[in-house]
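[1] After the sequence you'll find the predicted model.
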Amino acid sequence: MYQIQSQELRTLTTAHLAQTMSLLALNIEELGEKIHSLLAKNPALELEEPRRCPQCLRPLQGNAPCPVCSHSTGNSSEPVVFVSHRWDVPERAFTGISASSEEAPVLDEYVSEEQNLALYILQQIAPTLTAAERPVAAHILTSLDEDGLLPIPLLEIARYHHVPPSRVESVLHRIQRCDPPGVGAPTPKEALLIQLEILSENRDVPPLARQAIEGHLEHLGRYQVHELSLALGVTETESAALVQFIRENLNPYPARAHWGDWHHGSAAAVPVYRRPDALIRLASPRDPESPLVVEILSPLRGQLRLNPLFRRALAEMDAAQRPAWQKDLERARLLIKSLGQRNQALVQLLRYLARKQRDFILHGDQYLTPLTRAQVAAFLGVHESTVSRAVSGKTVQLPNRRIIPLERFFDRSLPVRAALRTIVAQEEKPLSDSQLATRLKKLGYPIARRTVAKYRQMEGILPARLRHGIANHA
């Protein structure tokens, strides 16, 4: 038995650090819910309306000048980064992010909202439903499978609600003609026929399209142009044009038109976000060399502060009741300090990313500079887990008005996938995955054939054998 004394450096997790890390991991919606919950529970907290810029009406921090109106308009590459409330952003401040019009978009135009397919369809047909039809519509919509098809018979729904089958058919007919069309069809073939019927009301469709869908769906599914031409008695060129028309305009699985599915040849599933955590735009929209402006959005319409009336009451309070109130005051101070640290961490991170990934932000995936969280953490002088928390669940809106996850700034596959899309678009004849891997290697992307297949599926690019039939007769 003996004792040894030694010294070592160990990170001490304080209440301040723990709360800062907790707040850093929240996105704008989660942070808003958290803060408003604490405002309701803690009387020591108060929300104060901020001082505003007289020109653009943005809230100002203390006595500091406006971060937008006062910054230099020179050709500086240093981004301007600041924090503001989401709903305090004036509409005219976003004229630069609209690619087609000088008119400022309304807020709903650039804030996407994640929405359930059943609710999305119900909102479309709700004005046409009677009180007796609403339960039937809800039953149908909640019974849809992940492809948007209805696997249960209409008679079962009619019996459950004690209504005639004709009423169920009437409701289903309206559902099937909503967006996306064909939802509620019993089979993929029926979904295609419904879509074809709706499409024919607004444009000309190939005369043999219905016959091809009804009798030769297996040839369409396998892109068998030669076999389809023999079955329909047309030339291979006409058959290829028919296949191309159906492929571009119809979808046998209607729900995938709503959220996408790369497993079946369409574009990769793209998450839809209700509101971004940050907005990125050019300071001068007509000058591509102008600095980037990064606006980190806060869920607060003002600034948190300690309630002066609470502090005055605490000083005059009886000593027996003071400890409980003192705890509320300490919690309020901790929240304000932690929130400031969170904002500071996001400002540092987004300033670095805007400077490092400027070309990606302005010009697209192929210009992404490969980065890791460890590299960013080393540059900022923080732990890698801090960067991970700051990135997780956050989204940013780019100057082209696309809302993307912040994690995409670290996706090393984006330049490779952009190069893959370019190669496929320019190929004279369909290239196999091995040939695509060879081409990519010459461009400086040495990846394996199976990785090419994975990226090809993510981009919704068909295999060479399926692209071959389309390319020869396009």
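    Happy to help now that I have it. Numbers count the residues shown, from 1 in each chain.
[2] Strands along the stretch 51-200 of the chain, start to end?
    Ranges of strands in the stretch 51-200 of the chain, per DSSP state E, counting those that start in this stretch, are 51-52, 59-60, 80-85.
[3] tell me what the last one is packed against?
    This points to strand 80-85. Applying 3 or more Cβ pairs under 8 Å, 6 or more residues apart in numbering; DSSP states H and E, we find strand 80-85 packed against strand 292-298, helix 322-356. C-beta coordinates here come from the backbone N, C-alpha and C atoms, glycine included.
[4] Can you give the domain ranges for this protein?
    What the record gives for the chain is the domain set 13-107+276-410, 414-473, from automatic domain parsing.
[5] Looking at the ones you listed, which is nearest to Val205?
    With Cβ to Cβ as the criterion, Val205 lies closest to domain 414-473 of the domains of the chain, at 18.6 Å.
[6] So what's the model's average confidence on the closest one?
    The predicted model assigns domain 414-473 a mean pLDDT of 84.
[7] go on, stretch 210-229?
    Across stretch 210-229, the average pLDDT comes to 86.
[8] Please state the offset of it from the chain centre?
    The chain centre lies 36 Å from the centre of stretch 210-229; the measure is Cα atoms, centre = their mean, to the nearest Å.
[9] Next: stretch 319-327.
    Counting by Cα atoms, centre = their mean, stretch 319-327 comes out at 46 Å from the chain centroid.
[10] Could you do stretch 182-202 as well?
    Here the centre of stretch 182-202 is set off from its chain's centre by 28 Å, with Cα atoms, centre = their mean.
[11] So which bits of that stretch are buried?
    Within stretch 182-202, the residues that qualify as buried are 182-185, 188, 190-196, 199, counting by 16 or more other Cβ atoms under 10 Å.
[12] before we move on, the earlier item: could you export the domains of the chain as CSV, including distance to Pro151 and mean neighbour count?
    Shown next, in CSV, are these (distance: least, Cβ to Cβ, whole Å; neighbours: other Cβ atoms under 10 Å):
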stretch, distance to Pro151, mean neighbour count
domain 13-107+276-410, 33, 16
domain 414-473, 26, 16
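[13] And the ones you listed, which one averages the lowest pLDDT?
    Here the domains of the chain differ in mean pLDDT, and the lowest is domain 13-107+276-410 at a mean of 78.
[14] quick revisit: tell me which of the helices and strands packed on strand 80-85 lies nearest to Arg222.
    Arg222 sits nearest to helix 322-356 of all the helices and strands packed on strand 80-85, at 44.5 Å, using Cβ to Cβ.
[15] rewinding a little: is it possible to get the domains of the chain out as JSON lines so that each row also shows distance to Gln176?
    Formatted as JSON lines, the domains of the chain follow (distance: least, Cβ to Cβ, whole Å):
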{"stretch": "domain 13-107+276-410", "distance to Gln176": "30"}
{"stretch": "domain 414-473", "distance to Gln176": "25"}
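[16] if we compare those, which one ends up closest to Glu214?
    Shortest distance between Glu214 and these, using Cβ to Cβ, is found for domain 414-473: 20.9 Å.
[17] quick one on the thing from earlier: closest one to Pro153 among the domains of the chain?
    Pro153 sits nearest to domain 414-473 of all those, at 33.6 Å, using Cβ to Cβ.
[18] Return the residues in contact with Leu292.
    Shown in contact with Leu292 (Cβ atoms under 8 Å, 6 or more residues apart in numbering): Pro79, Val80, Ile280, Arg281, Leu282, Ala283, Ala354, Arg358, Ile361.
[19] typo on my end, Gln426
    Contacts of Gln426 (Cβ under 8 Å, 6+ apart): none.
[20] before we move on, back to that, how about the helices and strands packed on strand 80-85 in a markdown table, adding distance to Ile213?
    What follows is those, written out as a markdown table (distance: least, Cβ to Cβ, whole Å):
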| stretch | distance to Ile213 |
| --- | --- |
| strand 292-298 | 47 |
| helix 322-356 | 48 |
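[21] Val294 reaches Pro276, doesn't it?
    No. Contact criterion Cβ atoms under 8 Å: Val294 and Pro276 do not qualify, at 11.2 Å.
[22] How about the backbone phi and psi for Thr404?
    Actually, residue 404 is Ile rather than Thr. Taking degrees, to the nearest 10, you get phi -130, psi 150 for the backbone angles of Ile404.
[23] Hmm, I typed the wrong one, I wanted Arg401.
    phi 80, psi 10.
[24] Distance check, it against Leu279.
    As judged by Cβ to Cβ, to the nearest Å, Arg401 and Leu279 stand 10 Å apart.
[25] got the buried residues for the one helix or strand Leu220 maps to?
    Using DSSP states H and E, Leu220 maps to helix 217-221. Buried residues in helix 217-221, counted by 16+ other Cβ under 10 Å: Leu217, His219, Leu220.
[26] tell me the contacts of the residue nearest to Ile246 when sequence neighbours are not counted?
    In space, and not counting its chain neighbours, Ile246 is closest to Leu220: 6.0 Å by Cβ to Cβ, 6 or more residues apart in numbering. Shown in contact with Leu220 (Cβ under 8 Å, 6+ apart): Ala212, Ile213, Leu228, Val243, Ile246.
[27] Give me the distance between Leu220 and Gly182.
    Counting by Cβ to Cβ, the gap from Leu220 to Gly182 is 15 Å.
[28] Regarding His162, what are the backbone dihedral angles?
    Torsion angles, degrees, to the nearest 10, at His162: phi 60, psi 50.
[29] Need the pLDDT of it.
    We note a pLDDT of 91 for His162 in this prediction.
[30] For Glu384, state which of the contacts of Leu292 is nearest.
    Minimum distance to Glu384 across the contacts of Leu292 is 20.2 Å, recorded for Ala354 (Cβ to Cβ).
[31] my read: that closest one touches Phe82, true?
    No. Using Cβ under 8 Å, Ala354 makes no contact with Phe82, being 12.0 Å away.
[32] Can you pull the residues that touch both of these two?
    Shared contacts of Ala354 and Phe82, defined by Cβ under 8 Å, 6+ apart, are found at Val294.
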